[in-house]
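1. Fold the following.
(chains A and B)
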Amino acid sequence: MSSGLPRPGVHFMMGNFACVEAAILAGCRFFAGYPITPSSEIFERACVRFPQVGGIAVEMEDEMASVAALIGAAYAGAKAMTATSGPGFSLMMENIGLAFIMEAPIVIVNVQRAGPSTGIPTLIGQGDVMQARWGSHGDIETVVYSPSSVQEFFDLTIKAFNTAERLRTPVIVLADQLVGLMWEKVVIPTAEDVEVVERKIMDPRLLSTRPPFDYSVDVNPMPIVGTGCRVNIDSLTHDERGYPTTSQEISDKMLRYLLGKIRNHARELWMYKEFMTDDAEVVVVAYGSTARSSLNAIKQARARGIKAGLLQLITLWPFPSDVIERLSQRVNALVVPEINFGQLVHPVREYAKCPVINVNWAPGSLIEPHVILDAVEVAAA
Amino acid sequence: MRREIRITGLGGQGAITAGHILGRAAAIYGGKESVVTEGYSPYITGGWSRADVIISDEPIDYPLITKLDVLATMYDEGFVQNLRHVKRGGVIITVKELVKHASQDHKVLPIPAIEVAERLGRRIVANIVILGAIVAVLGTPPLESVEKALADRFPKAVDLNRKAVQQGFSIASELLASVDVLEGG
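-> Model (predicted):
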């Protein structure tokens, strides 16, 4: 009998499908969602594939409930995910904050479309970059990965689960319409060759000697429902017993612990690719589908004698500040193309030691290489 | 080398299916890189649909079409609607029975896809006849790779699809050898 696991080998697959196969290999067995284009294929395929591996896919009444269900599933011991697009992502913000303070490892896939609001169903956009980081109220940190190909969508979905499990925190895969819906080659490894991280589980015996949470450690083990860990899990600022508190001192400790889980691991979380940056005088900084246009643009620039390079940011948050700082010290200018009116360009500017040129393109279509090339030529002049 | 192909038809003609077979054949069996993207008109039925296929020996950076090497249209208006995307000297493959337009600037290959498909017993394989013609024009991926991709997708109609793709390939190859026809219009 078939295990239901994806067949290893070379496949020709839609990005949204590859995301589901990756989730299965990462050990995800619970999907809750509310369908929305251009992410709907993730839900559809999860409905078919998850039951084949002993998992569950549930349609919820809305996106708020979807994330709430993921938190519940995570506390029942499952790896859990949802998929949405901009309008649904907005609705999820409240419970992403809940997952953060409750330390629930969950994965949210946002296949971005043109916004604001319901925008243009269903054409491409990259307008959710800042929302992915700052959309939920209060001080939170998110981990956000941005794929530019079907293979990266596959690989980063696995990565997202591993990061979520390791740090017990919500992780976002910020894809876009093109990456979600295009078909490309994807190499699926055997299950044995996939690195899968499992969360540390709390041993109930621990509770007889100490409170459940220790804000001085890196990441606390997770109490799982039904294992005898009678622990209060609260959305309110809570002390080391898990109970609500208004103490400024404890609030400070709790927040430093929660934020520190991501901030202290930022360098390990940063993923990026460099193309022709060794001798580059102008470097394009791009992410998602825009990185594909940018790669084309820098090749054209090279053909015209301009020393251009590409820094493809894969981890958008925590922002790879050192990478920008280092690179910007040896180039004349950075060019930041985005399918929005200026989002990731802001942290780039914050850390860059050289001029930064933003190239903005209205949502609805992929930014064309000639637009980036124009900016590279201006920067090089 | 990077090749760009658009296959367009009206809902139900199988243009997108043909595009997926081509992309799969190139990527899985042809040793190439390929990207397939889809487009639809805002109708539920009866509107146009299209598959854009990019095939390359190298990893593909920009994944959308720039100038088409080959346009295959299975409806008359598709010719006019997409003509501006075809590069000078590019090839336009048409379903002969349905497309009456011509162009001075391009090579036009009218393929009697419906006649061939009906002779094979199933009009539904007209898209596969067109697919065979596309492969003949491109010279890639190998016809056998397309047959394998077809067999993956339609395991119950292996013979029918093989005949359809081979006949489209032969007809286009003959037309390609005949300069007069290519100049069209």
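
2. beta partners for A:L174?
-> When bridges are taken as DSSP bridges, the partners of A:L174 come out as A:N110.

3. Show the model's pLDDT score for it.
-> Looking at A:L174, its pLDDT reads 98.

4. Ok, B:G185 next?
-> According to the model, B:G185 scores 38 on pLDDT.

5. Backbone dihedrals for A:A80, both of them.
-> Comment: the main-chain dihedrals of A:A80 come out as phi -130, psi 150, following degrees, to the nearest 10.

6. typo on my end, it should be B:P110
-> The phi and psi torsions at B:P110 (degrees, to the nearest 10) take the values phi -80, psi 120.

7. Tell me the confidence at it?
-> We note a pLDDT of 97 for B:P110 in this prediction.

8. Identify the residues contacting the closest residue to it other than its chain neighbours.
-> In space, not counting the residues next to it along the chain, B:P110 is nearest to B:K96; the distance is 3.8 Å by CB to CB, 6 or more residues apart in numbering or on different chains. Using the backbone N, CA and C atoms, a C-beta is placed for each residue, glycine as well. Taking CB atoms under 8 Å, 6 or more residues apart in numbering or on different chains as the criterion, B:K96 is in contact with B:P110, B:I111, B:P112, B:A113, B:I114, B:E115.

9. Looks like the fifth one contacts B:V99 (just checking).
-> Yep, that's B:I114 we're talking about. No. When contacts are counted by CB atoms under 8 Å, B:I114 is not listed as touching B:V99 (11.0 Å).

10. pLDDT score for B:S178?
-> Predicted confidence (pLDDT) at B:S178: the value is 85.

11. tally of neighbours for it?
-> Residue neighbour count, defined by other CB atoms under 10 Å in any protein chain shown, stands at 10 for B:S178.

12. Now do it against B:L120, distance only.
-> 24 Å (CB to CB, to the nearest Å).

13. tell me the helices in the chain, going along the chain?
-> Picking chain A for this. Counting by DSSP state H, chain A has these helices, from start to end: A:15-26, A:40-52, A:63-75, A:86-102, A:129-134, A:150-167, A:177-181, A:248-263, A:266-269, A:290-303, A:321-328, A:345-351, A:369-380.

14. hm, I was asking about chain B
-> With DSSP H applied, chain B shows helices at B:15-24, B:76-82, B:113-119, B:126-138, B:143-153, B:158-177, B:179-183, listed in chain order.

15. what's in contact with stretch B:136-152?
-> In this structure, residues lying in contact with stretch B:136-152 by CB under 8 Å, 6+ apart are B:3, B:5, B:21-22, B:24-26, B:28-32, B:55, B:69-70, B:91, B:93, B:109, B:128, B:131-132, B:135, B:158, B:161-162, B:165-166, B:168-170, B:172-173, B:176.

16. can you narrow those residues to ones near chain A?
-> Of the entries in the contacts of stretch B:136-152, the ones placed beside chain A under the rule of CB under 8 Å from any CB of the partner chain are B:R24, B:I28.

17. Now that we have the contacts of stretch B:136-152, which of them are buried?
-> Among these, those classed as buried by 16 or more other CB atoms under 10 Å in any protein chain shown are B:3, B:5, B:21-22, B:24-26, B:28-30, B:32, B:55, B:69-70, B:91, B:93, B:109, B:128, B:131-132, B:135, B:161-162, B:165-166, B:168-169, B:172, B:176.

18. Does A:M182 touch B:G23 like I think?
-> No. Look at A:M182 against B:G23 with CB under 8 Å: they stay out of range, at 9.7 Å.

19. Need the overlap of contacts for those two.
-> Counting by CB under 8 Å, 6+ apart, the common neighbours of A:M182 and B:G23 are B:V35, B:V36.

20. ok, how many other residues are close to residue 42?
-> Using chain A here. Residue crowding around A:I42 was assessed by other CB under 10 Å; the count is 30.

21. Sorry, I should have been clearer: chain B.
-> Using other CB under 10 Å, B:P42 is surrounded by 5 other residues.

22. ok, it to chain A distance?
-> If you measure B:P42 against chain A using CB to the nearest CB, to the nearest Å, the figure is 10 Å.

23. Contact partners for the closest residue to A:I71 other than its chain neighbours?
-> The shortest distance from A:I71 to any residue that is not its chain neighbour, by CB to CB, 6+ apart, is 4.3 Å, and that residue is A:A104. With CB under 8 Å, 6+ apart as the criterion, the residues that contact A:A104 are A:L70, A:I71, A:A74, A:Y75, A:L98, A:R168, A:P170.

24. do the same with A:E44
-> A:E44 makes contacts with A:P35, as judged by CB under 8 Å, 6+ apart.

25. What number of residues are in the vicinity of the spatially closest residue to A:K299 that is not a sequence neighbour?
-> In space, and not counting its chain neighbours, A:K299 is closest to B:D61: 7.0 Å by CB to CB, 6+ apart. Using other CB under 10 Å, B:D61 has 21 other residues around it.
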